[in-house]
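>>> A predicted structure for the sequence below; I have some questions about it.
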Amino acid sequence: MRSCDLAELLLTELHRADSPQQKAPLNRRLYHTLRGTILAGKLTAGTRLPSTRDLARDLDLSRNTVMSAIGQLAAEGYLTAQQGSGTFVSAALPDQRPLTPARAAAPQRNPRNLSRRGSLLTRSSGAERLEVQPFAPGSADYSEFPIQLWHKLQAKYWRTLDRDLLDYGQRGGHMPLRSAIAHYLTLSRSVRVTPEQVFITAGTQQAIDLAARLLTDHGDMAWVENPCYWGARAALLAAGLRLHAVAVDAEGIAPLPTDWQAAPRLIYVTPSHQYPLGHVMSLQRRRALLEFAARRRCWIFEDDYDSEFRYGGRPYASLQGLDEDAQVLYSGTFSKVMYPGIRLGYLVVPVDLVDAFDRGLYDLYRPGQLMLQAALTDFINEGHFNTLIRRLRVAYQARRDELSRRIQQTLGARVRISGQDSGLHLCLLFEGSDAAVDDEIVAAQLAVHGISVRPLSRYYVDGPARRGLIVAYAYVPTERVAPWAKRLCELLLQALP
Ligand SMILES: Cc1ncc(COP(=O)(O)O)c(C=O)c1O
């Protein structure tokens, strides 16, 4: 498509006086206009977009503005970048529901029916469609996952149909799975746990939601790490909590004297691998946090989301394992070792909360998926879970090594790599004179070239944000890490002034 034709298509909408985006920055306005044009079918699948330079000229905008909008659309899957041939409208759009002509023609307005909570939640800048976001495009890599075996284990339960497994999941989930998890956590994470304390949830997200609903009231204060996992932030905000952002340093959450003064009701932390910076909380900090929580009667929510993947450095046991006062709720997930869509995770609660969580889980969510839980029990008890962890650890470590070697070779002291001893991503911190570079723009520029990374600044809840990029390497097939890492570094060299 010619640049002037597209510009003509966009210009009227871009400058509409009654547009709800009128007060938004230009890159957001352009993003919304382009997205609306695609969803309305005015730009069809496969249409090649003009170059950002031409479009910037014809729209009379800066090239950064255009790159930022196009990069965001590429990151969300509306556009696809093909190296050397340009950027195209994707064949499969993330919003599968096409706009009807009436819907397309109606002026967009702010959603009128959202509650204050809903508006707050949808404004949360971290919320993104893509949870699994490999740094290069293409679908995430699950080649190590034993699909045949997983299918066989599930098929067995459907063959020998035990009708109880078709019911709602009562009393915290399938008991054999709760036992298997308790056994696994005792051995591998030093969690102090009996099977009755384990609740099967639809992932960490539901565990945070459940804990917030049962242990806090609307308007209570919750501490979150700054920067913080956006999923936790969203769940806590939705529960009506006031978020108090506490700084993080190389030893994990680092409260200032002023922070210690006002006790929160709940503290959300990622001690094994701070998300997203990747620091491990030191023993001293763990003790200080536990002591504070005991004295001021706060709950601690420990999100242990990726501790299966430790590649080096000293492993730390869970925070829950150090807790003498039964104030830590410990959560883990099967999203990382199995696959995110499995929607199974677990929450370990103190003994005196077991009955309340039993009722809360059932009444709020009517859990189910017992067949899946039964298959997962066999997967763990027959040793496949541990085998898979070992296999993934080797594969992911190789991917991490390749990526970090390339970054160090090409970018040297211009960036610092943080948090690479474990997990599925690493954090690139812009250093020296690059420390002030706008990471949103850099991420958008990379997205135009088909590289999906997230700007670090977006994870900050409050105050000045450190600039950098979150690069998720684990889901990139091993053989593609080297070429994509090379491309990432070349583009970064261009993007950093
Ligand atoms: C910090 C953190 N906690 C938890 C999760 C997993 O959440 P869930 O179990 O809801 O998939 C993620 C996923 O990316 C995460 O980054």
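Thanks, I have it. Numbers count the residues shown, from 1 in each chain.

>>> For the stretch 251-400 of the chain, which residues are neighbours of the ligand?
Neighbours of the ligand within the stretch 251-400 of the chain, by C-beta under 6 Å from any ligand atom: Thr270, Tyr275, Asp303, Tyr305, Thr333, Ser335, Pro340, Gly345. To be clear about C-beta, it is placed using only N, CA and C from the backbone, and glycine gets the same treatment.

>>> Excluding chain neighbours, give the residue nearest to the first one in space.
Using C-beta to C-beta, 6 or more residues apart in numbering and skipping residues adjacent in sequence, the residue nearest Thr270 is Asp303, 4.9 Å away.

>>> in the sheet, who's paired with the one you found?
Ser331 (DSSP bridges).

>>> and it, what pLDDT?
Listed pLDDT for Asp303 reads 98.

>>> ok, it touching Gln205?
No: in this structure, Asp303 is not within contact of Gln205 by C-beta atoms under 8 Å, at 10.2 Å.

>>> hmm, back to that, so who does the residue nearest to Thr270 touch?
Thr204, Ile208, Tyr229, Ala232, Tyr268, Val269, Thr270, Tyr275, Ser331 (C-beta atoms under 8 Å, 6 or more residues apart in numbering).

>>> In strands only, show me the residues you listed.
By the criterion of DSSP state E, membership of the contacts of Asp303 in strands covers Tyr268, Val269, Ser331.

>>> burial count for the last one?
In other words, Ser331. Ser331: 25 surrounding residues under other C-beta atoms under 10 Å.

>>> give me every residue that touches it.
201, 204, 207-208, 301-305, 345-348.

>>> Nearest to Leu177 among those?
Using C-beta to C-beta, Tyr346 comes nearest to Leu177 of the contacts of Ser331, at 8.5 Å.

>>> Does the closest one fall in a helix, a strand, or a coil region?
Look at Tyr346: counting by DSSP: H, G, I helix; E, B strand; the rest coil, its state is strand.

>>> Surely it and Ile200 touch.
Yes: judged on C-beta under 8 Å, Tyr346 makes contact with Ile200 at a distance of 5.8 Å.

>>> what touches both of those two?
Common neighbours of Tyr346 and Ile200, using C-beta under 8 Å, 6+ apart, are Arg178, Ile181.

>>> my guess is Val442 meets Leu496, correct?
Yes: if you go by C-beta under 8 Å, Val442 and Leu496 touch, sitting 7.3 Å apart.

>>> mind checking pLDDT for the residue in the stretch 151-300 of the chain that the ligand sits nearest to?
Closest residue of the stretch 151-300 of the chain to the ligand, C-beta to the nearest ligand atom: Gly203 (2.9 Å). Listed pLDDT for Gly203 reads 97.

>>> Please name the residues that touch it.
Neighbours of Gly203 in contact, by C-beta under 8 Å, 6+ apart: Thr333, Phe334, Ser335, Pro340, Arg343, Leu344, Gly345.

>>> which non-adjacent residue is nearest it?
Closest to Gly203 by C-beta to C-beta, 6+ apart is Gly345, at 4.3 Å.

>>> Look at that neighbour and say how many residues are nearby.
Neighbours of Gly345 (other C-beta under 10 Å): 24.

>>> Break down the stretch 201-350 of the chain into its helices, ranges please.
Secondary structure of the stretch 201-350 of the chain (DSSP state H, counting those that start in this stretch): helices located at 203-215, 230-238, 257-261, 283-296.

>>> Same question for the stretch 351-497 of the chain.
Remark: helices assigned in the stretch 351-497 of the chain by DSSP H, counting those that start in this stretch are 354-365, 370-381, 384-411, 439-448, 478-495.

>>> Can you tell me which of these is packed in deepest?
Ranked by mean neighbour count under mean count of other C-beta atoms under 10 Å, these are led by helix 439-448, which reaches a mean of 24.

>>> who's in contact with that one?
Contacts for helix 439-448 (C-beta under 8 Å, 6+ apart): 27, 52, 64, 67-72, 74-75, 81, 87, 430, 452-458, 467-469, 488, 491-492, 495-496.

>>> Pull out the buried residues from these.
Among these, those classed as buried by 16 or more other C-beta atoms under 10 Å are 27, 52, 64, 67-72, 74-75, 81, 87, 430, 452-458, 467-469, 488, 491-492, 495-496.

>>> So for the nearest residue to Gln133 once chain neighbours are set aside, what's the pLDDT?
Leaving aside its chain neighbours, Gln133 sits nearest to Ser452 (4.9 Å; criterion: C-beta to C-beta, 6+ apart). Note on Ser452: pLDDT of 89.
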